[in-house]
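Chemist: Here's my sequence, what's the structure:
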Amino acid sequence: MLALFVLIPLAGVLILNILRLNFIKKTACWFGALMALAQIGIVLFIPITALGSQSGFFAKYFFFNLAIDSLSKLMLLAIGIVVFSAILIGQFTYQDDSKRFNFLNLMLLTLAGMNGIVMVSDIFSLYVFIEIVAVASFILISTYKDKLALESTFKYIVLSVTATVFILFSIAIFILISGNTSFASIKDAVGNSASSTLAVIAVCLFITGTFTKGGLVPFHGWLPDAHSSAPGSISILLSGIVIKVTGIYPLIRILNITGGGANEIVKGILLAIGAVSIVAGALASLGQSDIKRMLAFSSVSQMGYIVISLGTGSALGLAGAALHIVNHAIFKSQLFANAAAVEKQTGTRDMDKLGGLASKMPITGGTSIVAMLSISGIPPLAGFWSKLLIILALWQSGHYIYAFIAVIASVITLAYFLMLQRKVFFGKVAAGLESIKEAKFGLVLPAIILALLTIFIGLFFPLVYNKLILPIQSVLK
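Modeler: Numbering: from 1, shown residues only. Prediction:
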């Protein structure tokens with residue numbers, strides 16, 4: 001059954017392109033949205049044991065196995081939520097049927113690739129699926145084909161290829177150590193003390209590649225440009241889930257199978273890069289006037305929270321990182337959905353040219369406040385709980401300075417989002433925007449759903465923690 005998570009999106013691409021009817025082109029995005037909804041439902045309501053541990057189809061014909069555990073389940077859920085939101089936004093922002101159709105094809109390819117990443121059980125197949133997602137992302141970023149889009153895509157390609165080189169070198173060393181590419185074989189081989197130095201080198205090379213894919217400082221140069229030049233739906237996809245699935249998830253897996261999280265050198269790298277990313281991303285956000293560039297630098301900062309939490313090497317740190325992955329997928333997708341609605345209605349993302357939109361776009365303004373408070377760690381919303389777990393993990397592991405940095409950066413986060421709210425939604429309506437109305441229902445629906453999810457996770461945190469987060473700690477140990 002696991003193979004269906006990959007095969008159905010790919011089959012969707014084939015069917016859509018074989019038929020290529022005008023009716024299909026107009027309704028294709030609804031087809032993709034239903035597919036993402038189905039994935040959410042399957043993950044939430046079908047037990048892991050019923051899904052199966054491996055897929056014989058892939059193992060027999062394509063030479064890689066699929067497996068699912070609590071972490072994979074959590075990632076599949078986040079993927080479904082973000083892809084559903086991105087496709088809905090794309091349905092109402094692409095005016096041309098052909099562009100909308102091409103967008104949906106690439107989204108389905110990305111969905112298949114991301115699902116493959118979180119389910120494969122060998123490191124080379126992990127790399128293959130990462131590259132599938134990267135190639136689809138290159139094309140999606142360059143959708144507008146203007147100078148900025150092509151420049152951003154080229155920058156992303158250069159940095160992504162560099163990351164690929166690091167990852168491939170790392171895989172070569174792991175094969176040298178274990179003689180195999182499966183996670184289980186690497187885990188057994190790395191347990192041999194004679195290979196510990198090589199293992200540390202391999203882990204460091206691998207995490208350097210994942211830092212680039214995940215947009216961590218100092219490898220984040222592609223991310224702000226990619227977000228500002230890509231359509232709103234693509235920004236939701238990139239920041240909401242792609243940087244986590246191609247960057248953070250492989251990092252967690254490699255730390256688990258190699259025991260890298262227990263190595264002081266590796267933990268030191270994670271803590272340092274995480275702290276620098278938190279501070280640099282937050283300070284850079286303060287100086288932005290473009291909404292999407294601010295949100296992009298904010299993603300750099302939030303990825304830093306996840307990495308610094310992993311750097312504690314503790315079960316609590318892993319729990320905080322896992323919860324923040326989900327929370328960031330939700331509230332950052334919501335913020336980019338709000339930005340897409342604002343840009344669609346006003347024709348600009350420049351905060352200096354906006355103002356007073358809360359009275360004209362009350363749903364967009366209201367949901368934006370929910371996301372802003374959550375990402376800033378204000379209780380009782382979802383973001384508060386994940387940041388609390390991260391700070392507690394840092395404190396309990398004796399990293400008091402890093403815990404202090406995490407708290408101060410949350411204050412800075414609140415500051416730049418208050419600035420965004422003041423410039424965009426508060427005050428008098430800016431000149432020329434007097435006739436602005438709320439965005440179409442299809443544009444505000446994702447923001448409403450995501451805001452409700454943020455509130456739900458915050459209010460029912462014990463339930464979410466026990467059902468989705470706590471099981472991960474028993475798997476990754």
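Chemist: Torsion angles phi and psi at the closest residue to Arg100 other than its chain neighbours?
Modeler: Sequence neighbours aside, Tyr94 is the residue nearest to Arg100 in space, at 3.9 Å (criterion: C-beta to C-beta, 6 or more residues apart in numbering). The way it works is simple: take the backbone N, C-alpha and C, and place the C-beta from them, glycine included. Backbone torsions of Tyr94, given as degrees, to the nearest 10, read phi -90, psi 120.
Chemist: wait, what's in contact with Tyr94?
Modeler: Contacts of Tyr94 were listed using C-beta atoms under 8 Å, 6 or more residues apart in numbering, and they are 100, 103, 231, 233.
Chemist: pLDDT value on it, please?
Modeler: pLDDT recorded at Tyr94 is 77.
Chemist: Among the contacts of Tyr94, which pair sits farthest apart?
Modeler: Arg100 and Pro231 (10.6 Å; C-beta to C-beta).
Chemist: what's the overlap in contacts for the two?
Modeler: With C-beta under 8 Å, 6+ apart as the test, Arg100 and Pro231 both reach 90, 94.
Chemist: what's the closest non-adjacent residue to Leu223?
Modeler: Gly215 (4.1 Å).
Chemist: Wait, the one you found touches Thr246, no?
Modeler: No. Assessed by C-beta atoms under 8 Å, Gly215 is found out of contact with Thr246, at 9.9 Å.
Chemist: which neighbours do those two share?
Modeler: Joint contacts of Gly215 and Thr246 (C-beta under 8 Å, 6+ apart) do not exist.
Chemist: still on that earlier bit, and the residue nearest to Leu223, what is it in contact with?
Modeler: 222-223, 243, 247, 299-300, 303.
Chemist: how about a cut-off of 10 Å?
Modeler: 159, 221-224, 226-227, 238-239, 242-244, 246-248, 277, 281, 296-297, 299-300, 302-304 (C-beta atoms under 10 Å, 6 or more residues apart in numbering).
Chemist: Tell me the buried residues within the residues you listed.
Modeler: 159, 222-224, 226-227, 238-239, 242-244, 246-248, 277, 281, 296-297, 299-300, 302-304 (16 or more other C-beta atoms under 10 Å).
Chemist: List the ones among the contacts of Tyr94 that fall in helices.
Modeler: Using DSSP state H, the members of those that fall within helices are 100, 103, 233.
Chemist: number of nearby residues for the first one?
Modeler: What that stands for is Arg100. 22 (other C-beta atoms under 10 Å).
Chemist: Distance of it relative to Leu323?
Modeler: Arg100 sits 34 Å away from Leu323, going by C-beta to C-beta, to the nearest Å.
Chemist: Wait, a helix at Pro218?
Modeler: No. Using DSSP: H, G, I helix; E, B strand; the rest coil, the assignment for Pro218 is coil, not a helix.
Chemist: which residue sits closest to it, ignoring its sequence neighbours?
Modeler: Val276 (7.7 Å).
Chemist: and what of Val370?
Modeler: Per C-beta to C-beta, 6+ apart, closest to Val370 is Ala451, 4.3 Å.
Chemist: Just the local confidence number for that neighbour, please.
Modeler: The predicted local confidence for Ala451 is 94.
Chemist: contacting residues for it?
Modeler: 330-331, 334, 337-338, 363, 366-371, 374, 381, 444.
Chemist: Looking at those, spot the one nearest Asp350.
Modeler: Using C-beta to C-beta, the contacts of Ala451 come closest to Asp350 at Asn338, 15.4 Å.
Chemist: Tell me, please, the helix or strand in this protein that averages the lowest pLDDT.
Modeler: helix 56-61 (a mean of 47; mean pLDDT, DSSP states H and E).
Chemist: Distance check, Ser289 against Val190.
Modeler: For Ser289, the distance to Val190 - C-beta to C-beta - is 48 Å.
Chemist: quick one: contacts for Asp188?
Modeler: Per C-beta under 10 Å, 6+ apart, neighbours of Asp188: 178, 180, 182, 257.
Chemist: which regions of the stretch 101-250 of the chain sit below the pLDDT cut-off?
Modeler: 146, 191-195 (pLDDT under 70).
Chemist: for the host helix or strand of Thr110, which positions count as buried?
Modeler: Here Thr110 is covered by helix 97-119, with elements defined by DSSP states H and E. Using 16+ other C-beta under 10 Å as the test for burial, helix 97-119 gives 99-119.
Chemist: same thing with stretch 381-395?
Modeler: Buried, per 16+ other C-beta under 10 Å, within stretch 381-395: 381-387, 389-395.
Chemist: repeat for stretch 166-182
Modeler: 166-167, 169-171, 173-175, 177-178, 180-182.
Chemist: Of these, which belong to helices?
Modeler: 166-167, 169-171, 173-175, 177-178.
Chemist: Can you lay out the contacts of Asp188 as JSON lines showing distance to Phe404?
Modeler: What follows is the contacts of Asp188, written out as JSON lines (distance: C-beta to C-beta, whole Å):
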{"residue": "Ser178", "distance to Phe404": "40"}
{"residue": "Asn180", "distance to Phe404": "43"}
{"residue": "Ser182", "distance to Phe404": "41"}
{"residue": "Ile257", "distance to Phe404": "32"}
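Chemist: With respect to Gly12, which of these is nearest?
Modeler: Ser182 (29.6 Å).
Chemist: how close does the residue nearest to Asn263 when sequence neighbours are not counted sit to Ala321?
Modeler: In space, Asn263 comes closest to Val200 once its chain neighbours are excluded; the distance is 6.0 Å by C-beta to C-beta, 6+ apart. Going from Val200 to Ala321 by C-beta to C-beta gives 21 Å.
Chemist: out of these two, which sits in the more crowded spot?
Modeler: Ala321 (27 against 17).
Chemist: For the spatially most central residue of the chain, give me the backbone phi and psi.
Modeler: With distances taken as C-alpha atoms, centre = their mean, Ile241 lies nearest the centre of the chain, 2.3 Å away. Reported as degrees, to the nearest 10, the phi and psi values for Ile241 are phi -140, psi -40.
Chemist: mind checking the end-to-end distance for stretch 424-435?
Modeler: 15 Å (C-alpha to C-alpha, to the nearest Å).
Chemist: Next, the buried residues of that stretch.
Modeler: 424-425, 429-430, 433.
Chemist: now stretch 12-20
Modeler: 12-13, 16.
Chemist: In three-state terms, label Gly427 for me.
Modeler: coil.
Chemist: That one and Ala406, how far apart?
Modeler: Gly427 is 32 Å from Ala406, by C-beta to C-beta.
Chemist: In the stretch 201-350 of the chain, what residue spans correspond to strands?
Modeler: Using DSSP state E, counting those that start in this stretch, the stretch 201-350 of the chain contains no strands.
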